[in-house]
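**Student:** Generate a structure from the sequence data that follows.
(2 chains)
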Amino acid sequence: MTKFSDLTRLPDAQGHFGPYGGRFVSETLSFALEELEKAYMSLRDDADFQAEFDRDLAQYVGRPSPLYHAERWSEKIGGAQIWLKREDLNHTGAHKVNNTIGQALLAKKSGKPRVIAETGAGQHGVATATVAARLGLKCEIYMGAEDVERQKLNVYRMRLLGAEVHPVESGSRTLKDAMNEALRDWVTNVDDTFYIIGTVAGPHPYPAMVRDFTAVIGREAREQSLAQIGRLPDALVACVGGGSNAIGLFYPFLEDEEVAMVGVEAGGDGVETGRHAAPLTANAPSGVLHGNRTYLMSDASGQVSDTHSISAGLDYPGVGPEHALWKDVGRVGYVAANDDAVLEAFRELTRIEGIMPALESAHALAHAKVMAASMRPDQHIVVNLSGRGDKDIHTVAKLDGLEF
Amino acid sequence: MTMNRIDQRFAALKAQSRRALIPYITAGDPAPQYTVGFMHACVEAGADVLELGVPFSDPMADGPVIQKACERALKHGTRLTDVLDMVASFRESDQTTPVVLMGYLNPVERMGYETFVRRAQEAGVDGVLMVDMPPEEATAVAPLFAEHGLQSIFLLAPTTSPARAATICAHGEGYLYYVSLKGVTGAASLDVEAVARQLAPLREMTDLPLCVGFGIRDGETAAAVGQVADGVIVGSALVSRIADNAERPEAIPAALKAVLGDMRDALDR
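**Tutor:** This is a model prediction of the structure:
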């Protein structure tokens, strides 16, 4: 049996998390990834770099983000106490900025004047455009044409920030296609361009690097739990698309065996309908996409499946390779929340706590609600409220029959 | 064990001081029933090795021309298993022209490596070039490929460092595919002088034939690259002819032959 403490020593030198991860890319990108790995490994333990990163997180992002006790909601559910890690209060409104700050600093130190990124819901695109504006880097964002349509507000935000947004018309016109197009850009402009990947997927070293930049969430949450609850929580809950906010929260708790962890995938219309974006919950076979091996939704002939979710940010057929391993060794449980339960959680938190969550984060809330109901009032759940819901108002309004 | 068809073909070309002409087409484009005919047409026009693309939903290293070819092929449901059947069918009347499957790893992962190598060998496949499987990731499966007579073809790029080039040369079989430019397939034209400069140090590292792809459009570029390389690989220029004639596929063999015939003449001149 795998000791959980061993999990913190991954990936191995080739970027593998057990059978997952790796660096499955065309040759042109291999050198860029080797360079990136070298740059990251040298800066990871560099005190000056870390100090700059920490200063930016404090003064630009506004960290630490609070751990908030959702008392009224907890009381209504009538079970465990629910605590919200308020990543929605970060500058730009989501956890994504923790990672883009780190990668943009790396881009600057590597002397790359241009950054590119893929985005689904637009949160990562906005976070990238934001740090690019601040550092004076040229910025281009790839976004599936369908997502451009359902996330108009974020598209305009990116353009205001000076980024060029390219709608991607190929394939399913969502996040995976945006990532294909960003990889095509990178392979063409690899000399002057830094690719800021927005999640814990992609070729090595991205999954490890994005995890490390995002793990500030869990480090804070762990300290805050000890201070505010007086002990570690009984469970952590976070939504999982690629899985960056979940890894950020979970990673610093990996060795705390008494803390249960649950990743909540996008159940869409229901995992049993096939219309979902939940590769782990659905036990999708292992496959290779976007540079890493992981659980991947594909048909019997290996063509990547179209995914379905109310939230653009979770609409992805794969998942970060470290999550794949955590599922296999049983450290983290993975479940799915369906669109209707997600909307209900979105409305409830808004009305009961005055906090409007992103639809992505509402997946975690929907499952936390189910969990809490079966637990005792002296038990505690920390939910990663990974982003705020302003960007989703159009989507929700449409369901209410309103158009702006 | 008999010599692999790829090695045989390059040995013969070397003896004649000729350059290899290597066309790429996407299997199942514009529809599966035409592919075997196109393969024969390519051979009739002077092709030495055939690269047969396995369509994939997410062809990350390809430009719009081959992306659309994949879409056309997938619209007709072309699966890896169908592509292997096409090779088997081609082999019924051509036992000598080497066939290399080119594509992305996931269809192979999903079929399973054991099944894939067995079926590929049965069908008469000679080499495999998986764009997203560099040698580092191939080490676990390379012996399995070799056991089934499948040569592992690898890419080299302008960004490949000398250390990586040495590794790739050590693992490569059949021939090395030198990607002439930074970019996706079907991108801008290549710089022959730059290619010549980059191939020179590789000659010191390997005896494998060095073939160049990306940016070869016509007889002129083929001939220029043929001056410095052992073979030229032409993909998007052919696939765009297939796209142009997708509504009248009976015209495609002649269109392919016209492009390849020019290149063959230019290479042999």
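
**Student:** which other helices and strands contact the lengthiest helix in chain A?
**Tutor:** Determined from DSSP state H, the single longest helix within chain A is helix A:27-44. In terms of contacts (3 or more C-beta pairs under 8 Å, 6 or more residues apart in numbering or on different chains; DSSP states H and E), helix A:27-44 is packed against helix A:96-109, helix A:175-188, helix A:206-214, strand B:154-156, helix B:162-171. (C-beta placed from N, C-alpha, C; glycine too.)

**Student:** mind redoing it with 6 Å?
**Tutor:** For helix A:27-44, not one helix or strand is in contact under the criterion 3 or more C-beta pairs under 6 Å, 6 or more residues apart in numbering or on different chains; DSSP states H and E.

**Student:** Give me the distance from it to the chain's centre.
**Tutor:** 22 Å (C-alpha atoms, centre = their mean, to the nearest Å).

**Student:** got the buried residues for that helix?
**Tutor:** A:27-34, A:36-37, A:39-40, A:43-44 (16 or more other C-beta atoms under 10 Å in any protein chain shown).

**Student:** Alpha carbons of that helix, in CSV - could you do that?
**Tutor:** Coordinates of each C-alpha in helix A:27-44 appear next as CSV, following Å, rounded to 0.1, in the frame of the first residue of the first chain:
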residue,chain,number,x,y,z
GLU,A,27,9.8,17.3,-30.4
THR,A,28,9.7,21.0,-31.1
LEU,A,29,8.4,21.7,-27.6
SER,A,30,10.8,19.3,-25.7
PHE,A,31,13.5,21.8,-25.5
ALA,A,32,11.2,24.6,-24.2
LEU,A,33,9.9,22.3,-21.5
GLU,A,34,13.4,21.3,-20.5
GLU,A,35,14.4,24.9,-20.2
LEU,A,36,11.2,25.7,-18.3
GLU,A,37,11.9,22.8,-15.9
LYS,A,38,15.4,24.0,-15.3
ALA,A,39,14.3,27.6,-14.7
TYR,A,40,11.5,26.5,-12.4
MET,A,41,13.6,24.0,-10.4
SER,A,42,16.3,26.7,-9.8
LEU,A,43,13.8,29.4,-8.8
ARG,A,44,11.6,27.1,-6.7
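
**Student:** what about A:Glu344, neighbour count?
**Tutor:** Per other C-beta atoms under 10 Å in any protein chain shown, the neighbour tally for A:Glu344 reads 16.

**Student:** can you map out the helices along the stretch 51-200 of chain B?
**Tutor:** B:64-75, B:80-91, B:105-111, B:113-123, B:135-138, B:142-147, B:162-171, B:192-205 (DSSP state H, counting those that start in this stretch).

**Student:** can you list those in a markdown table and add mean pLDDT, mean neighbour count and distance to chain A?
**Tutor:** Output for those, formatted as a markdown table (pLDDT from 0 to 100; neighbours: other C-beta atoms under 10 Å in any protein chain shown; distance: least, C-beta to the nearest C-beta, whole Å):
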| stretch | mean pLDDT | mean neighbour count | distance to chain A |
| --- | --- | --- | --- |
| helix B:64-75 | 96 | 21 | 6 |
| helix B:80-91 | 98 | 20 | 6 |
| helix B:105-111 | 98 | 24 | 3 |
| helix B:113-123 | 98 | 17 | 10 |
| helix B:135-138 | 94 | 19 | 5 |
| helix B:142-147 | 96 | 14 | 15 |
| helix B:162-171 | 95 | 16 | 6 |
| helix B:192-205 | 94 | 15 | 13 |
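
**Student:** With distance to A:Ala341 added, can I get those helices in a markdown table?
**Tutor:** Converted to a markdown table, those look like this (distance: least, C-beta to C-beta, whole Å):
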| stretch | distance to A:Ala341 |
| --- | --- |
| helix B:64-75 | 34 |
| helix B:80-91 | 38 |
| helix B:105-111 | 31 |
| helix B:113-123 | 39 |
| helix B:135-138 | 39 |
| helix B:142-147 | 45 |
| helix B:162-171 | 49 |
| helix B:192-205 | 56 |
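
**Student:** Can you say which of those helices is nearest to A:Val335?
**Tutor:** helix B:105-111 (24.9 Å; C-beta to C-beta).

**Student:** starting at the chain centroid, how far to the closest one?
**Tutor:** 18 Å.

**Student:** In contact with A:Tyr68, which residues?
**Tutor:** A:Tyr68 makes contacts with A:84, A:86, as judged by C-beta atoms under 6 Å, 6 or more residues apart in numbering or on different chains.

**Student:** where does it land in three-state SS?
**Tutor:** strand (DSSP: H, G, I helix; E, B strand; the rest coil).

**Student:** circling back: what's the angle between the longest helix of chain A and helix A:96-109?
**Tutor:** Angle between the axes of helix A:27-44 and helix A:96-109 is 100 degrees (criterion: axes from the mean of the first three to the mean of the last three C-alpha atoms, to 10 degrees).

**Student:** sorry, back to before: mind checking which of the helices of the stretch 51-200 of chain B is nearest B:Glu247?
**Tutor:** helix B:64-75 (11.1 Å).

**Student:** Other residues contacting the helix or strand that contains A:Ala221?
**Tutor:** Using DSSP states H and E, the element containing A:Ala221 is helix A:216-228. The list of residues contacting helix A:216-228 from outside it, by C-beta under 6 Å, 6+ apart, reads A:64, A:67, A:85, A:98, A:232-233, A:248-249, A:251-253, A:382.

**Student:** how much space between B:Glu220 and A:Ser74?
**Tutor:** Distance, B:Glu220 to A:Ser74, by C-beta to C-beta, to the nearest Å: 74 Å.

**Student:** of the two, who's got more company?
**Tutor:** A:Ser74 (22 against 12).

**Student:** ok, now which ones touch the residue nearest in space to the middle of chain A?
**Tutor:** Note on chain A: the residue nearest the mean C-alpha position is A:Ser244, at 3.2 Å, using C-alpha atoms, centre = their mean. By C-beta under 6 Å, 6+ apart, the residues touching A:Ser244 are A:199-200, A:210, A:214.

**Student:** wait, A:Gly102 sits on A:Phe213?
**Tutor:** Yes: between A:Gly102 and A:Phe213 there is a contact under C-beta atoms under 6 Å: 3.5 Å.

**Student:** Neighbour count: these two, which is higher?
**Tutor:** Using other C-beta under 10 Å as the criterion, A:Gly102 and A:Phe213 rank with A:Gly102 on top: 27 against 24.

**Student:** and chain B, which of its residues are near chain A?
**Tutor:** B:57-58, B:60-61, B:67, B:79-80, B:105-107, B:109-110, B:131-132, B:134, B:137, B:155, B:157, B:159, B:161, B:182-184 (C-beta under 6 Å from any C-beta of the partner chain).
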